[in-house]
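need coordinates for the below:
(one chain, ligands or ions: 3)
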Amino acid sequence: MKKVKLKINEKVIEAVEGKLLLEVAKENGVRIPHLCYEPRLKPYGSCRLCLVEIKGERKLQPACATPVKNGMEVITDSITLYEIRRTIIDLLLSTHPEDCLTCEACGRCTLQDLAYEYGLRKTSYQGEKPHTPLEDHNPLIFREREKCVLCGRCVRICSEVQGVDAYTFAGRGFQTIIATAFDEPLSLKNCEFCGQCVSTCPTGALVSRLEMGKARSWESKGVMTTCPYCGCGCQIVLKVKDNQVVGVESDYETHNRGNLCAKGRFGWEFVNHPDRLKTPLIKKKGKFVKASWDEALALVAEKLKFTKEKFGSESIAFIASAKCTNEENYLLQKLARVVFGTNNIDHCARL
Ligand code: SF4
Ligand code: SF4
Ligand code: SF4
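Ligands and ions are numbered 1, 2, ... in the order given. Next up is the predicted model:
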């Protein structure tokens, strides 16, 4: 990878040629505000918050869509840039509901953070605000489109990462909204309910229905763990409040790059469920009763031995688990083949 030298705010920096200026700046401790940029998505350059001055360029350039070049001299902060960014945020607020007090996104909302940073208590462009119907009947995704800033991240993640294309921009100008085809509910469309759009939305326009009302963003702490559903081993961050799981989020700095499927994103309520199995159960006189692992494993061994002796090795089959390590699955097939004399072995990853 060819390296180049450039200057950001007078500081000489070395970077990989072609890398996006916004990412190079971030790696070197220079924060450039942005709304539509997302590391999982292709450069888009629509919100214009990341405009920077580049020596020799006639126009301001979006740092999120500009690759670095050798000899580039970049200014990321100036009075002009400050005024432009403040005006953009002011305009976004002019169509935005004043609902931070009860908004699910409060405390983790990029628009709220930007308004705070640029000292905008309220918009200076008072006037009509768009009224777009809520989609509040979906059990997983709550859509409050009046809080949408039209960054297009949901549209792009659904298309570029999921390949589903459930959303698009509809309407023009003041009437522009994010919609499904014919603006029908997500449940009537090709949506897979992966929640990727929820994970990328920088405001409260898309939120997980399951997390609503359970915790303010600052009340829960993140606990990184591995998703329990399949062998991909995606990393998830459990949001935990008062020792209860209240939601799941994902982190870009993992092998799954913050991407999760519907199970990983929305399948967490079982953790707190009172019916969740926490010990083995053995059926005695028609009823399941709690047992220790030693008791349960002894019973399994006894039944397997009995079945082999009475019905033969071919009457037994073993199903391995994608959640186990390769070594554990190797041992299971050894147990099947060597101890029980059967090749009836399968794996849940094939199901
Ligand atoms: S989306 Fe952000 S700015 Fe809008 S009401 Fe919610 S917290 Fe406030
Ligand atoms: S949940 Fe997934 S499939 Fe459905 S709209 Fe969002 S990103 Fe697209
Ligand atoms: S719903 Fe969220 S992610 Fe989609 S365009 Fe609006 S603000 Fe951006």
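
can you list the residues that contact stretch 43-57?
By Cβ atoms under 8 Å, 6 or more residues apart in numbering, the list of residues contacting stretch 43-57 from outside reads 20-22, 32-37, 60-66, 72-76, 78, 80-81, 84-85, 88-89, 114, 149-152, 156. Using the backbone N, CA and C atoms, a C-beta is placed for each residue, glycine as well.

need the three-state assignment for the nearest residue to Lys323 once chain neighbours are set aside.
Spatial nearest neighbour of Lys323, chain neighbours left out: Gly231 (6.4 Å); criterion: Cβ to Cβ, 6 or more residues apart in numbering. Using DSSP: H, G, I helix; E, B strand; the rest coil, the secondary structure recorded for Gly231 is coil.

quick check: Gly231 touching Glu328?
No - counting by Cβ atoms under 8 Å, Gly231 does not reach Glu328; the two are 11.5 Å apart.

between those two, which is the more surrounded one?
Each of Gly231 and Glu328 has its neighbours counted (other Cβ atoms under 10 Å); Gly231 has more, 14 against 11.

what about Ser199, which SS state?
helix.

not counting its neighbours along the chain, what's nearest it?
Nearest to Ser199 is Ser250, by Cβ to Cβ, 6+ apart, at 5.8 Å.

quick one: the one you found and Gln235 touch, right?
Yes - using Cβ under 8 Å, Ser250 makes contact with Gln235 at a distance of 7.4 Å.

need the overlap of contacts for those two.
Asn256.

so which of the two has more stuff around it?
For Ser250 versus Gln235, the count of surrounding residues by other Cβ under 10 Å is larger for Ser250: 22 against 18.

and that one, how close does it get to ligand 1?
Distance, Ser250 to ligand 1, using Cβ to the nearest ligand atom, to the nearest Å: 20 Å.

look up phi and psi at that residue.
phi -130, psi 160 (degrees, to the nearest 10).

Asn190 now?
Here Asn190 shows phi and psi, under degrees, to the nearest 10, equal to phi -80, psi 10.

equivalent analysis for Leu51, please.
Reported as degrees, to the nearest 10, the phi and psi values for Leu51 are phi -60, psi 140.

which residues does it bridge with?
Per DSSP bridges, the residues bridged to Leu51 are Pro62.

begin at 631, not 1, for the rest of this chat.
Got it, first residue is 631 now, which makes that one Leu681.

number of residues surrounding it?
Neighbours of Leu681 under the rule other Cβ under 10 Å: 24.

all helices of the stretch 881-981 of the chain, in order?
Ranges of helices in the stretch 881-981 of the chain, per DSSP state H, counting those that start in this stretch, are 892-896, 923-941, 956-964.

poorly predicted segments of the protein, please.
Confidence mapping of the chain against pLDDT under 70 gives the ranges 980-981.

tell me which parts of it are close to ligand 1?
726-727, 729-730, 733, 735-736, 739, 741-742, 777, 833-834 (Cβ under 6 Å from any ligand atom).

which among the residues you listed are in contact with ligand 3?
Thr833.

nearest to ligand 3, of the residues of the chain next to ligand 1?
Thr833 (4.8 Å; Cβ to the nearest ligand atom).

surely the closest one meets Leu780?
No - using Cβ under 8 Å, Thr833 is not in contact with Leu780, being 10.3 Å away.

near ligand 2, which residues of the stretch 731-880 of the chain?
Proximity of the stretch 731-880 of the chain to ligand 2, by Cβ under 6 Å from any ligand atom, involves residues 787-788, 792, 794, 796-797, 816, 821-827.

try 5 Å
For the stretch 731-880 of the chain, the contact set with ligand 2 under Cβ under 5 Å from any ligand atom comprises 788, 792, 794, 796, 821-822, 824, 826-827.

which of those residues fall in helices?
Of those, the ones assigned to helices by DSSP state H are 826-827.

kindly check the end-to-end length of stretch 792-805 for me.
Taking Cα to Cα, to the nearest Å, stretch 792-805 runs 27 Å from one end to the other.

do stretch 869-888 as well
Start-to-end span of stretch 869-888 (Cα to Cα) is 15 Å.

contacts for that stretch?
Counting by Cβ under 8 Å, 6+ apart, stretch 869-888 makes contact with 669-670, 829, 838, 840-841, 844-845, 849-854, 862-868, 889-890, 894-896, 898-899, 901-902, all of which sit outside it.

quick one: buried ones out of the residues of the stretch 731-880 of the chain next to ligand 2?
Buried subset of these (neighbour count, 16 or more other Cβ atoms under 10 Å): 788, 792, 794, 796, 821, 824, 826-827.

now those residues in CSV, with distance to ligand 3?
Listed next are those as CSV, based on distance: Cβ to the nearest ligand atom, whole Å:
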residue, distance to ligand 3
Cys788, 9
Gln792, 14
Val794, 14
Ala796, 11
Cys821, 14
Cys824, 14
Gln826, 10
Cys827, 6
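
buried residues, stretch 897-910. List them.
Buried-residue list, stretch 897-910, by 16+ other Cβ under 10 Å: 897-898, 910.

okay, now Ala948: neighbour count?
Careful, residue 948 is Phe; it's not Ala. The tally of other residues near Phe948 (other Cβ under 10 Å) stands at 18.

any idea how far the nearest residue to it once chain neighbours are set aside lies from Asp881?
Once flanking residues are discounted, Phe948 sits nearest to Ala966: 4.3 Å by Cβ to Cβ, 6+ apart. Distance, Ala966 to Asp881, by Cβ to Cβ, to the nearest Å: 38 Å.
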